[in-house]
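3D, please:
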Amino acid sequence: MSTTPTSTPIRPGDNVREQLKALRVPDAQAERWAAMGPAMSATLWTFNGHALLEAHRATSAHRTIVDACLLDGGDAGARAIESAQSWEVLIQAVLDAAPGAPLAKAATRDEGSVFEKALGSRGFTAAGVVGSPLSIEEDPDHGHASVRGWVRWNARPEAIPAYVRQKTDFTCGPASALMALAHASGGAPHEVSHGLRDEMELWRESTYSLGVGPYGLAAALARRGQSVEVVVTHEGPIVGLTRAHAASPAVRRAIHHQHVDEARALGVWDRIAALGLEDLRFAVQRGNGVIVLVDLADLNGEQTPHWVYVWGIVGEHALIHDPWNDEQFGETWVETWSEAITLEQLWESAQWEEEERARACIIVHL
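Numbers count the residues shown, from 1 in each chain. Next up, the predicted model:
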């Protein structure tokens, strides 16, 4: 019988299932866990026939226990008998491996299970209702609708704003705006809309291509009573000029300029200037929410412009709600809700290049 947990790094790629099967992970879990995305950092922890998979985005500073199972018996025969103590040892091993992490999270699917009780004994609490964390289409392979979130804070923020998972591939900006609106109003997570209507209304007001620009989104927020500030590093459209679209680049530029005029007429203060990490830190530390343009490649390996909502700072870490999670790869809202990332890493990601490299932030005064 093992006396200490064993950790084995799992390398994302085509042979994840084989890596897991070699460690005696049962077929069902090996098949599901093998779907992980290319930008994940994953470790299988085992102890006395018990196993849990910890997997988080490689750029994230938190840790996420995504699932747990009993290992196959192999040549020895039957599987181990489930033990709360063994789960507690594994959970503690994950915590001990990242003592500087601002928080640890876990996803479960079986309410009242022995594993959930072990999480509670190690200081995790149920996340409860977090907002609108699911996409419209349920993934039959991963059962996202049954996921329950758990969290253990090392330095808990005063309040966690409602989370919204974008309902389409192109509405990250509107979903981030919905989170900012809920945050500004003090809306409880259960009060957040779960449908497309509000998200699509914001999108229609903000788009000049498939996605949205900072001025259109800021104007939409101002129409809803928010005090908003836009800071960009360049004049003109920053996103959405190079990809194919029914509207020509000239038309898109014209719509962008219309959004600029509308935003200014609505009282949005804007400036075109160099942006530094300290500007973001200062804005959030003053109690504001900030919608930030990032390159998603640094977060999940997909090179595309993307908006996220930055709502807090703990030490040298930003706390963000990312409205996108890779459901097809088994990634759940637990990973992208209250995501911790170092301020330096966030700032490295907070830029996008089409015609030229640019940054954009929408500061929402709360």
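
and the next helix or strand past the helix or strand of the chain with the lowest mean pLDDT?
Counting by mean pLDDT, DSSP states H and E, the weakest-scoring helix or strand in the chain turns out to be strand 352-353, with a mean of 85. Proceeding N to C from strand 352-353, the next assigned helix or strand is strand 357-358, under DSSP states H and E.

in its sheet, which strands sit next to that following strand, and in what direction?
Neighbouring strands of strand 357-358 in its sheet, by DSSP bridges, are strand 352-353 (antiparallel).

neighbouring contacts of the partner strand?
238-239, 293-295, 305, 358-360 (C-beta atoms under 8 Å, 6 or more residues apart in numbering). (C-beta placed from N, C-alpha, C; glycine too.)

let me know the closest of the residues you listed to Ala159.
Val294 (23.7 Å; C-beta to C-beta).

re the thing from before, JSON lines for the contacts of strand 352-353, including pLDDT?
Listed next are the contacts of strand 352-353 as JSON lines, based on pLDDT from 0 to 100:
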{"residue": "Ile238", "pLDDT": "84"}
{"residue": "Val239", "pLDDT": "81"}
{"residue": "Leu293", "pLDDT": "97"}
{"residue": "Val294", "pLDDT": "97"}
{"residue": "Asp295", "pLDDT": "95"}
{"residue": "Pro305", "pLDDT": "93"}
{"residue": "Ala358", "pLDDT": "92"}
{"residue": "Arg359", "pLDDT": "96"}
{"residue": "Ala360", "pLDDT": "96"}
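
need the pLDDT of Pro237.
The predicted local confidence for Pro237 comes out at a pLDDT of 88.

hmm, it is touching Ala254, no?
No - because the distance of 10.1 Å does not satisfy C-beta atoms under 8 Å, Pro237 is recorded as not touching Ala254.

neighbour count: those two, which is higher?
Here Pro237 and Ala254 are set side by side on neighbour count (other C-beta atoms under 10 Å), and the busier one is Pro237, at 23 against 13.

check contacts around the more buried one.
Contacts were defined as C-beta under 8 Å, 6+ apart; by that measure Pro237 touches 208-209, 213, 252-253, 256.

if you set the cut-off to 10 Å instead, what comes out?
With C-beta atoms under 10 Å, 6 or more residues apart in numbering as the criterion, the residues that contact Pro237 are 208-209, 213-215, 249, 252-253, 255-257, 259-260, 354-355, 358.

can you give me phi and psi for Arg271?
When read as degrees, to the nearest 10, the backbone of Arg271 gives phi -150, psi 150.

37 is where my numbering starts, stick with that
Shifting the count to begin at 37 puts that one at Arg307.

is it bridged to anything, and to what?
Val267.

ok, now Cys397?
Beta bridges link Cys397 to Val267, Val328 when assigned by DSSP bridges.

who's in contact with it?
Here Cys397 is in contact with 250, 265-269, 311, 315-316, 319, 326-329, 346, 386 (C-beta under 10 Å, 6+ apart).

how close does it sit to Leu329?
7 Å (C-beta to C-beta, to the nearest Å).

go on, Ser284?
Taken as C-beta to C-beta, the span from Ser284 to Leu329 is 23 Å.

have a look at these two and say which one is more surrounded.
Applying other C-beta under 10 Å to Ser284 and Leu329 shows that Leu329 carries more neighbours, namely 26 against 9.

pLDDT score assigned to Tyr244?
The predicted local distance difference test score for Tyr244 is 85.

the residue nearest to it when sequence neighbours are not counted: neighbour count?
Ranked by C-beta to C-beta, 6 or more residues apart in numbering and with sequence neighbours excluded, the top spatial neighbour of Tyr244 is Ile291, at 3.7 Å. Residues contacting Ile291 under the criterion other C-beta under 10 Å number 19.

Ile291: which element?
Assigning secondary structure by DSSP H and E places Ile291 in helix 285-301.

next helix or strand past the strand of greatest length in the chain?
When secondary structure is assigned using DSSP state E, the longest strand within the chain turns out to be strand 341-350. Stepping forward along the backbone from strand 341-350, the first helix or strand reached (DSSP H and E) is strand 353-357.

what angle do that following strand and strand 341-350 make?
Going by axes from the mean of the first three to the mean of the last three C-alpha atoms, to 10 degrees, strand 353-357 is angled at 130 degrees with respect to strand 341-350.

now strand 353-357: mean pLDDT?
If you average the per-residue pLDDT over strand 353-357, you get 98.

after that strand comes which helix or strand?
Counting by DSSP H and E, the next helix or strand C-terminal to strand 353-357 is helix 369-372.

contacts for that next one next, please.
Among residues not part of helix 369-372, those counted as contacts by C-beta under 10 Å, 6+ apart are 76, 91-93, 96, 98, 100-102, 141-144, 163, 166-171, 180, 183-187, 199-201, 335-336, 344, 356-363.

circling back to that earlier point, now the helix holding Ile291: buried residues?
Along helix 285-301, these residues count as buried under the neighbour rule (16 or more other C-beta atoms under 10 Å): 288, 291-292, 295-296, 298-300.

for the closest residue to Pro45 other than its chain neighbours, phi and psi?
Beyond its immediate neighbours in the sequence, the residue positioned closest to Pro45 (C-beta to C-beta, 6+ apart) is Thr79, lying 5.6 Å away. Main-chain dihedrals, Thr79, degrees, to the nearest 10: phi -140, psi 130.

equivalent analysis for Gly49, please.
In this entry, Gly49 is assigned phi and psi values of phi 150, psi -160 (degrees, to the nearest 10).
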